[in-house]
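Undergrad: Build me a model:
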Amino acid sequence: MAIDGIMLAACRQELAGKLLGAKVNKIYQPKKDFLTIDLRNNQQNYQLLAVIDPRQSRVHISDIDFDNPPQPPTFAMVLRKHLTHGRIKEISQPGLERMLGVDIESNSTDYRLYLEIMGRYSNVILVDSNGTVLDAMKRLGSDDKSARELIPGADYRYPPAQDKVSPRELTEEIWWERLGGDFRKYAFRAILNNVQGIGPDSAREIVYQAGVDPEINYQELSRSEEIAIKESLFNYIELIKAEDFQPVLGRDEEGEIVYQSAFPLDHQPEVEDLHFSTLRELFDFYYQEHIVKKDFLREKERLFGIINNYLDKNHSQQKKVREKLEKSSEAGKYQKWGELLKSQKHKIAPGQQEIKVVDYYQEDQPEITIPLDPERSPGENINRLFKKHNKLKKSRDHLIRELARLRHEDKYLQRVELEIEQAESREDLAEINEELREENYIKKQQQPSQKSARKAPPRKYYSADGFQILVGRNNRQNDRLTKKIATGGDIWVHTRKIAGSHVIIKNHTSEEIPQSTIEEAALLAAYFSKARQSSNVPVDYTEIENVRKPKGAKPGIVYYDNHQTLYVTPEKEIIAEIVKRGQ
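TA: Below you'll find the model as predicted:
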């Protein structure tokens, strides 16, 4: 969601109020499109964040912590070399363009950091005092079909100018002159196409405040409506000059953020306004509640798609294997026919297509008909039947093993599906993604070594009796809980024949764990399983010594014995009480 020049003017005001004179301490590039600069000013620490991702391009002070790569990108290294320990001298905005210039003096040398916040054309560029580009976050060469070069050594040039007037230079005479021609577009575009820094939402609001439909063709306006729009525009410009900004986000009925503005907007009455005292709060909220959540849901859908694809393949393969198994069950028939022909071989005449023989394997010894190949000798017909028996028997043994493997995989994939469904963070999904790569369900791509995603710890709760209860978030964590974290005297809990998390009750005493604690752990096991919405869920529990993981088993799959079973209903109110005693 692109921001307009008015919003950037509000950003400049807020940054200048906090960061003029600030010292540059550290510089990071947590993602290819994210830049953070740690600053110190007036005994306060600040983090300046610049983002050039087209979906969320922005610049502001941020309180969000980002994970940084072990090896900083080249651009971050260039910035560190020139700007570390420098001080911010000025933060400027040319006209009402969507760009800021941050002047920094470091080691008696002047630099300017251009923050171009222009949607898909956003960029961050470091320039020396001669206007020479030292580096750019997104380099542009002459072969990039760009109107300018942004590579080390090139002369910095502003982005291509648009035929628009700065609000600070706009007069009534200029306004009427620009609209004196044959302007045949929507009324709001009279402002959008002619005045610098005013985006679509702001332009619509100005026309709306004039009492005119923003979507009406400008040619259809009366003279009084044209004057009303002009007056509304100049009133808005006075608000911009006064810098009395009131940051706001617009959220629709479905919870989607539909606009961000430096001033409240009234032309969308069905949209809820979310007001913020600072842009720092607004943008951090937007990032966490909109971008992060959308990315989280998108990643969930991606992983669901992968798992469902493999589940469909698995179920299709199981069906085929069962069909082949049914056919292979005739192996015994061919063995019996071979034995009967062998015992009555003297009855076979050359060229026969079938023969009736006595079935000595049945009590009443009836006659049965056995088909023959008339082109084969009696001995060859007998051998053919024994070969068919051996082939089907070998095939059956293989098919039984294959069906067991498919059932094992089916059980594993259903566990992963549940973990994706109950994942609470990007870290949860990242660990599931990593597991699927290791299990070869996601193709391993050749890529540079990167810092592993931060792994969320197991869910941690306490029973009313004071015993710690740990709940796994995914298969690999289930394995760690059961085989590494759990120790002698601990109790292992799991839903019976239902995919779910491993639950461990840690025994910190030398006494038996109370039944009330086991019941609470059983409720958690049912809640963090596919039976979350069910009642009377069977939950098994046993001492950890009775749990074993077979060699070669998929992550999260174990076998256990000497268990007892509880039947519980994971009611939300009861679960909420247990969760209150969590981390």
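Undergrad: what's the burial count for residue 507?
TA: 20 (other C-beta atoms under 10 Å). For every residue, glycine as well, the C-beta is placed using N, CA and C.
Undergrad: quick one: the nearest residue to it once chain neighbours are set aside and residue 467, what's the gap?
TA: Take residue 507 and drop its neighbours on the chain: the residue closest to it by C-beta to C-beta, 6 or more residues apart in numbering is residue 489, 4.1 Å away. As judged by C-beta to C-beta, to the nearest Å, residue 489 and residue 467 stand 11 Å apart.
Undergrad: Residue 273 too?
TA: 48 Å.
Undergrad: Reduced to three states, what does the residue nearest to residue 507 come out as?
TA: Put simply, residue 489 is coil when judged by DSSP: H, G, I helix; E, B strand; the rest coil.
Undergrad: Would you mind giving me the confidence score for it?
TA: Listed pLDDT for residue 489 reads 91.
Undergrad: Next, count neighbours for it.
TA: By other C-beta under 10 Å, 17 other residues sit near residue 489.
Undergrad: Residue 104 now?
TA: Applying other C-beta under 10 Å, we find 22 residues neighbouring residue 104.
Undergrad: What of residue 581?
TA: Applying other C-beta under 10 Å, we find 15 residues neighbouring residue 581.
Undergrad: That one against residue 460, yeah?
TA: No - the pair formed by residue 581 and residue 460 falls short of the contact definition of C-beta atoms under 8 Å, at 9.5 Å.
Undergrad: out of residue 273 and residue 467, which sits in the busier spot?
TA: Neighbour totals were compared for residue 273 and residue 467, and residue 467 leads with 22 against 15 (other C-beta under 10 Å).
Undergrad: How much space separates that one from residue 340?
TA: To residue 340, residue 467 is 68 Å away according to C-beta to C-beta.
Undergrad: try residue 108
TA: In terms of C-beta to C-beta, residue 108 sits 106 Å off from residue 340.
Undergrad: Disregarding residues adjacent in the polypeptide, which is nearest to residue 23?
TA: Nearest non-adjacent residue to residue 23 (C-beta to C-beta, 6+ apart): residue 40, at 4.8 Å.
Undergrad: ok, then the element right after the helix or strand where the one you found lies?
TA: Counting by DSSP states H and E, the element that carries residue 40 is strand 34-41. Next helix or strand after strand 34-41 toward the C-terminus (DSSP H and E): strand 44-51.
Undergrad: which regions of the stretch 1-150 of the chain lie under the pLDDT threshold?
TA: Flagging of the stretch 1-150 of the chain using pLDDT under 70 yields the residue ranges 1, 142-146.
Undergrad: So which residues of the stretch 201-350 of the chain form helices?
TA: Applying DSSP state H, counting those that start in this stretch to the stretch 201-350 of the chain gives helices spanning 223-242, 279-286, 292-328, 331-343.
Undergrad: quick one, which of those helices is nearest to residue 127?
TA: With C-beta to C-beta, the closest approach to residue 127 among the helices of the stretch 201-350 of the chain belongs to helix 279-286: 25.0 Å.
Undergrad: what packs against that closest one?
TA: With contacts defined as 3 or more C-beta pairs under 8 Å, 6 or more residues apart in numbering; DSSP states H and E, the packing partners of helix 279-286 are helix 5-19, strand 58-61, strand 248-251, strand 257-261.
Undergrad: Tell me the first helix or strand C-terminal of the helix or strand where residue 542 lies.
TA: Assigned by DSSP H and E, residue 542 falls within strand 537-543. Sequence-wise, the next helix or strand downstream of strand 537-543 (DSSP H and E) is strand 547-548.
Undergrad: Could you check how far the helix or strand following that next one is from the centre of its chain?
TA: Downstream of strand 547-548, the first helix or strand assigned by DSSP H and E is strand 559-560. How far strand 559-560 lies from its chain's middle: 33 Å, per C-alpha atoms, centre = their mean, to the nearest Å.
Undergrad: if we can go back for a sec, now the residue nearest to residue 507: how far from residue 26?
TA: Distance, residue 489 to residue 26, by C-beta to C-beta: 47 Å.
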